[in-house]
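Participant: Everything below, folded, please.
(one chain, ligands or ions: 1)
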Amino acid sequence: MKIAKDCVVSIHYTLTGDDGEIMDSSDGQDPLTFLQGHGNLIPGLEKALEGKTKGEALKVTIAPEDGYGPYRDELVQEIPKSNFDPGQPLAVGDQFQVETEVGPLVVTVTEIKGDNVSIDGNHPMAGKTLNFDVKIEEVKEATEEELAHGHAHGPGGHDH
Ligand code: ZN
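Facilitator: Got it, this is the predicted structure:
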């Protein structure tokens, strides 16, 4: 069975950056299980997997445009420390969700300087070229329920 839209696919993967540093991996975990063709993966990876079969291994290099998008300077903002709850400790690397005009956005605190806090709303992998080593572990038909939900269920998939 070839990977196509509406298949449930399980993969093991290792993601490395251009410097060779491992950024993410399914090593030691359940394979990542997802519903193909529903935007559950970054577009470049779905595209590369299309038509492949169980047991195949592939190396894919994905440009930022087909990954997590370009790095957007306008998502970096400096805001006064007084906007934060004074009772909560605040540290570089903290992440929290803010409401924006285009929906919720996860931002990361990147700098605290004097009375100002810099926050960055870019995805941590935005602007990065991604190198995936993928091994296809399983390809099967999705259940009615999975199709209705738009994601895969079970180990490595969506857990309700
Ligand atoms: Zn579901």
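
Participant: and the worst-scoring helix or strand of the chain on mean pLDDT, C-alpha only, in CSV?
Facilitator: Scoring the helices and strands of the chain by mean pLDDT, DSSP states H and E places strand 95-100 at the bottom, with a mean of 86. Extracted C-alpha coordinates of strand 95-100, given in CSV (Å, rounded to 0.1, in the frame of the first residue of the first chain):
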residue,chain,number,x,y,z
GLN,A,95,6.8,29.9,27.0
PHE,A,96,3.2,31.0,27.2
GLN,A,97,0.2,31.5,25.0
VAL,A,98,-1.1,34.9,24.0
GLU,A,99,-4.2,35.9,22.1
THR,A,100,-3.6,37.7,18.9
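
Participant: For Gly37, which non-adjacent residue is spatially closest?
Facilitator: Lys5 (3.1 Å; Cβ to Cβ, 6 or more residues apart in numbering). Yep, even glycine has a C-beta here, placed from its N, CA and C like the rest.

Participant: next one: Lys59
Facilitator: Per Cβ to Cβ, 6+ apart, closest to Lys59 is Asp133, 5.6 Å.

Participant: same deal with Ala57?
Facilitator: Using Cβ to Cβ, 6+ apart and skipping residues adjacent in sequence, the residue nearest Ala57 is Lys135, 4.7 Å away.

Participant: Contact residues of the chain facing the ion?
Facilitator: His149, His158 (Cβ under 5 Å from the ion).

Participant: low-scoring stretches of the chain, by residue?
Facilitator: By pLDDT under 70, the chain has no low-scoring segment.

Participant: ok, now with 80
Facilitator: Along the chain, segments meeting pLDDT under 80 span 100, 102.

Participant: which residues does whichever residue of it sits closest to the ion contact?
Facilitator: Nearest residue of the chain to the ion: His149, at 3.2 Å (Cβ to the ion). Counting by Cβ atoms under 8 Å, 6 or more residues apart in numbering, His149 touches His158.

Participant: Against Leu35, how distant is it?
Facilitator: Shown here: His149 relative to Leu35, a distance of 8 Å by Cβ to Cβ, to the nearest Å.

Participant: about what we covered before: point out the other elements, helices or strands, that the least confident helix or strand of the chain touches.
Facilitator: Here strand 95-100 touches strand 103-113, going by 3 or more Cβ pairs under 8 Å, 6 or more residues apart in numbering; DSSP states H and E.
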